[in-house]
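Enquirer: I need the structure of the sequence given here:
(2 chains)
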There are 2 protein chains.
Amino acid sequence: MLQENSFMQGKQSIGLGTPVYIRQSASIVGKKEGQGPLGKLFDVIGEDDMFGGSCWEEAESTLQKEAVWLVLQKAGITIDEVRYLFAGDLLGQSIASSFGLSTYGTALFGLYGACSTSALSLCLGSICVAGGFADQVLCVTSSHFASAEKEFRFPLDYGNQRPLSASWTVTGSGAFLLAKKREKGTRAMITGLTPGRIVDFGIKDSMNMGACMAPAAADTIDRHLKDFGRTPEYYDKIITGDLGSVGQQALIDLLREKNTDISQLHTDCGIEIYDSGTQDTHAGGSGCGCAATVLSAYILKNLEEKIWKRVLFVPTGALLSKTSFNEGKSVPGIAHGVVLEAV
Amino acid sequence: MLQENSFMQGKQSIGLGTPVYIRQSASIVGKKEGQGPLGKLFDVIGEDDMFGGSCWEEAESTLQKEAVWLVLQKAGITIDEVRYLFAGDLLGQSIASSFGLSTYGTALFGLYGACSTSALSLCLGSICVAGGFADQVLCVTSSHFASAEKEFRFPLDYGNQRPLSASWTVTGSGAFLLAKKREKGTRAMITGLTPGRIVDFGIKDSMNMGACMAPAAADTIDRHLKDFGRTPEYYDKIITGDLGSVGQQALIDLLREKNTDISQLHTDCGIEIYDSGTQDTHAGGSGCGCAATVLSAYILKNLEEKIWKRVLFVPTGALLSKTSFNEGKSVPGIAHGVVLEAV
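Expert: Okay, here's the model as predicted:
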């Protein structure tokens, strides 16, 4: 039996006394990601970044479709056993999700949280399962280097130069099956959530997304620790989504100003996914697919193997569009926190 | 006390034995909407559709910001009493929401459901409140005629001709304060939800959105009635979001094929908001702001006055972008159902 209001924790967090289980997950990535340090850990690596599609958007839709198919196969269930989908992506009007997921015929909650979407979907999926609104839900998100460049920056053929603070959008999709019950093979459990708020330091440089998003990550981590009355050392790792090397430094500095030191505990999915020295990815990886694929392939694996027992997973999103950028607006950030624990 | 799994109803619906209350709501619209049949019912009518902004996107952000401010004023509370925001809009990367809501400093769940966003936000907001994850949340969405034309169609200056099946995007925003407790002045209650799935009949005409979305509305209404074991007559009204006159006929025909007749019960926010005979709006109003402002100003009023006791509110969304349209893709639809009852 659930206690009334038992979930509310502090100002904006949610404590899940009865955890939500990540029963299974799947990752599919592009060729470049397959050549990176985590290459051997992904479920599927595409040889051709078109993934059988006729345009980049179709390729990205295929990534989501395949990631969902993979997670169903790995869990040994059919889509009919999934009550709801929680999905979103970076493209205008989230078309990667709409066209990728329509064939499944499952009720869909469409989300937009920029590169924080993996955590946004895990937060809402967990709320849905923990509250008793579904036994099993699927959370899925994606990004694609070429569709993102087209959506936010320049045509690929233009061959623009990228500053060292720029990140490289990950081609990939991650899907997560959340369940009320712990089944055999369950990968990890979710025991807490800290939905984030928009934080805008007025930075306008869309080629330095790490700096734009670091204040939001700092705000969510600080809020999380206060809401749960924890110190950073409660966690074996605090892992952001795609701050990259520039954003990592900004995050560590911003939290030091609040007397919180995460320098020994922090890593970032965008830093882990590429070898920036040899892969020309500058500050690191980014995109919804960055945090999602690294969570599935690397973070959940380390939790399964008990290398880590508790991880605070904090994907970050930059809330810009090409229109807002062209109109001279700043790039506000948002970050959502998810507490992952070994089962 | 909540029973485990007490919320799941049929294949994809949610029953709220203990209702979620719409404690207060607010609507703000543009000049044209103010001149329509519902003009006197809106809280604020702008004299200038720029709403003090320097571009259309800024105008739309202002709509959301003001709608939230209005609902807080009407409820006599501060933003600190709101635990979470659920928001989205039609623009790429939902910038109307990001820039409109950042000043409130409240944790945000960003959504994308095209013109179904008002129902999407009410569904997730209700789940959050009913499940005990928050005492009060705010759901807000918007659209703006000029920012939507820029985002999806032609520059206004181009003066393109519009076929009679086209709809007119509503300039407006609606905000809804959902609460666990029934306070004095509570406007209505939410007792059931039917999150919808994507339905794609392969229609590619973005100037006939009603036809694109009607199959999704029919699917959700049919599913809703089956999940709850109800007939259409259980409701005093079944109200879709922005099917307009063309979509209305398609919806009634599609449901007749399933032996369900809603012809005497159905209306559509897009039909109600304009006088198509004198306002040159062709098939009717559309946009996230259409269903949201009509819900706040008209539907909730009729529930308050007990003119209607039970309403099935089914906003519809067309899941296209200019990119998907230009790439020759179809326009899939989605519709989410919300059961509204007089308190």
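
Enquirer: from the stretch 51-200 of chain A, which residue is nearest to chain B?
Expert: A:Gly131 (2.6 Å; Cβ to the nearest Cβ). C-betas here are computed from N, CA, C, even on glycine.

Enquirer: who are the neighbours in contact with that residue?
Expert: A:Leu2, A:Phe7, B:Phe7, B:Ile127, B:Cys128, B:Ala130, B:Gly131, B:Gly132, B:Phe133 (Cβ atoms under 8 Å, 6 or more residues apart in numbering or on different chains).

Enquirer: Buried ones in the worst-scoring helix or strand of chain A on mean pLDDT, by neighbour count?
Expert: Between all helices and strands in chain A, the lowest mean by mean pLDDT, DSSP states H and E belongs to helix A:276-279, at a mean of 93. Using 16 or more other Cβ atoms under 10 Å in any protein chain shown as the test for burial, helix A:276-279 gives A:Ser276, A:Gln279.

Enquirer: so for stretch A:45-54, what's the average pLDDT?
Expert: Averaged across stretch A:45-54, pLDDT comes to 96.

Enquirer: what's the distance between the closest residue in space to A:Cys269 that isn't next to it in sequence and A:Gly53?
Expert: Nearest residue to A:Cys269, sequence neighbours excluded (Cβ to Cβ, 6 or more residues apart in numbering or on different chains): A:Val294, at 3.7 Å. Using Cβ to Cβ, to the nearest Å, A:Val294 is found at 24 Å from A:Gly53.

Enquirer: Those two: which is more packed in?
Expert: A:Val294 (34 against 18; other Cβ atoms under 10 Å in any protein chain shown).

Enquirer: can you pull out the helices in the stretch 101-250 of chain A?
Expert: Remark: helices assigned in the stretch 101-250 of chain A by DSSP state H, counting those that start in this stretch are A:117-130, A:145-152, A:209-228, A:244-256.

Enquirer: JSON lines for those, including distance to B:Arg187?
Expert: As requested, the helices of the stretch 101-250 of chain A are exported to JSON lines (distance: least, Cβ to Cβ, whole Å):
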{"stretch": "helix A:117-130", "distance to B:Arg187": "24"}
{"stretch": "helix A:145-152", "distance to B:Arg187": "39"}
{"stretch": "helix A:209-228", "distance to B:Arg187": "31"}
{"stretch": "helix A:244-256", "distance to B:Arg187": "42"}
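
Enquirer: Please identify the most buried of those helices.
Expert: Greatest average neighbour count among those goes to helix A:117-130 (a mean of 29), per mean count of other Cβ atoms under 10 Å in any protein chain shown.

Enquirer: okay, the angle between it and helix B:117-130?
Expert: With axes from the mean of the first three to the mean of the last three Cα atoms, to 10 degrees applied, the angle from helix A:117-130 to helix B:117-130 works out at 50 degrees.

Enquirer: what is the rounded mean pLDDT of helix A:117-130?
Expert: Rounded mean pLDDT across helix A:117-130 is 98.

Enquirer: Return the distance of it from the chain's centre.
Expert: A distance of 11 Å separates the centroid of the chain from that of helix A:117-130, by Cα atoms, centre = their mean, to the nearest Å.

Enquirer: Please apply the same query to stretch A:322-329.
Expert: For stretch A:322-329, the distance to the chain centre is 24 Å (Cα atoms, centre = their mean).

Enquirer: For that stretch, list every residue counted as buried.
Expert: In stretch A:322-329, counting by 16+ other Cβ under 10 Å, buried: A:Lys322, A:Thr323, A:Ser324, A:Phe325, A:Lys329.

Enquirer: restrict those to contacts with chain B.
Expert: A:Lys322, A:Thr323, A:Ser324, A:Lys329 (Cβ under 8 Å from any Cβ of the partner chain).

Enquirer: which two from the residues you listed end up farthest apart in space?
Expert: A:Lys322 and A:Lys329 (10.9 Å; Cβ to Cβ).

Enquirer: Which ones among the buried residues of stretch A:322-329 map onto strands?
Expert: Per DSSP state E, strands hold no members of the buried residues of stretch A:322-329.
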